[in-house]
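Novice: Sequence and predicted model, in that order:
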Amino acid sequence: MCKNFIYLAKIDLQLGQDAYDGLLQIISEENRQRCKRFMFREDALRTLYGELMLRYMLMQHFSIRHEDIQLLKDESGKPYLKGLPVHFNISHSGDYVVCAVSEQPVGIDIERIKEVDFKLAERYFCKSEYRDLFAREEIRRLDYFFSLWTLKESYLKWLGTGMSVPLDSIAFKIGSEISMIDTCRSARPFFKQFPIDGYKLSLCSMNAGFADDIKEISLEEMKFFTQGDN
């Protein structure tokens, strides 16, 4: 059985107010209030979709009841599930929200590919990564930049340390396999990247059981499953 479950949803910016208000009642009080504080509707939708997707996955794959799902935060601010031996991580960018659930700590990052100042690479990448980036043909550099960036982000989210870990202390090499050297830590998790048009997505986990692809889920599926358990 695959131990890393990964789902993706495209947010619906045309979601009506009544439907939106109804879905807010499904998620945690903290995230409900967080959604209400956002200035932009799309930011609220990303938070809403993230928790709905998490609840769907926990109910679907781990047989956890809706009312038994309680989200808390540790001292570093990383969310976790109270009293449940299941780990999760959520990421969003552009039109998409992704969620990974596993029996071990997991980190996931999605980024929309867009023009960047490559001075960021000089600042945040280690020397070997920077050399690899500029060894690519110019037309392929942007794609490779986001491959490296999402790998680093997924690893930091797996660690749960945020940006307190210097990005240039972690070196990735992408070939037929993904290899990593962390000059400060001995842990060696597994990595996998998934193709999404216009985006890069990377997953980090101690479980080597990766699905071949990501399951895309609709808002209607999440709504039906979570509301049906109430």
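Specialist: Now that the structure is in, tell me what you want to look at. Numbering: from 1, shown residues only.

Novice: so where's the chain uncertain?
Specialist: For the chain, the stretches with pLDDT under 70 are 1-2, 162-164, 225-230.

Novice: As a check, name the ranges of all helices in it.
Specialist: Applying DSSP state H to the chain gives helices spanning 17-24, 29-37, 41-62, 119-124, 127-135, 138-159, 219-228.

Novice: List just the one of these that sits closest to Lys73.
Specialist: Lys73 lies closest, by C-beta to C-beta, to one member of these: helix 29-37, at 8.5 Å. Backbone N, C-alpha and C define where each C-beta goes, glycine included.

Novice: Mind listing residues that contact the closest one?
Specialist: Outside helix 29-37, the residues within contact range by C-beta atoms under 8 Å, 6 or more residues apart in numbering are Leu24, Gln25, Ile27, Ala44, Thr47, Leu48, Glu51, Leu71.

Novice: Quick check: closest non-adjacent residue to the third one.
Specialist: If I follow you right, that is Ile27. Glu51 (4.3 Å; C-beta to C-beta, 6 or more residues apart in numbering).

Novice: Can you give me the distance of that neighbour to Asp95?
Specialist: Per C-beta to C-beta, to the nearest Å, Glu51 is found 18 Å from Asp95.

Novice: So for the two, which sits in the more crowded spot?
Specialist: Each of Glu51 and Asp95 has its neighbours counted (other C-beta atoms under 10 Å); Glu51 has more, 27 against 15.

Novice: Let me know how buried Ile174 is, in neighbour terms.
Specialist: By other C-beta under 10 Å, neighbour count at Ile174 equals 16.

Novice: isn't it right up against Leu148?
Specialist: Yes. Ile174 is within contact range of Leu148, at 7.2 Å (criterion: C-beta atoms under 8 Å).

Novice: Just the buried residues of the contacts of helix 29-37.
Specialist: Leu24, Ile27, Ala44, Thr47, Leu48, Glu51, Leu71 (16 or more other C-beta atoms under 10 Å).

Novice: how many neighbours does the residue lying closest to Ser76 once chain neighbours are set aside have?
Specialist: In this structure, Ser76 finds its nearest non-sequential neighbour in Gly160, 6.0 Å apart by C-beta to C-beta, 6+ apart. Number of residues near Gly160 (other C-beta under 10 Å) recorded here: 16.

Novice: when you give positions from now on, start the count at 657
Specialist: Renumbered: residue one is now 657, and that last one reads Gly816.

Novice: show me what contacts Gly816?
Specialist: Asp730, Ser732, Lys734, Pro761.

Novice: let's see 10 Å
Specialist: Gly816 makes contacts with Asp730, Ser732, Gly733, Lys734, Pro735, Tyr736, His743, Asn745, Pro761, Gly763, as judged by C-beta atoms under 10 Å, 6 or more residues apart in numbering.
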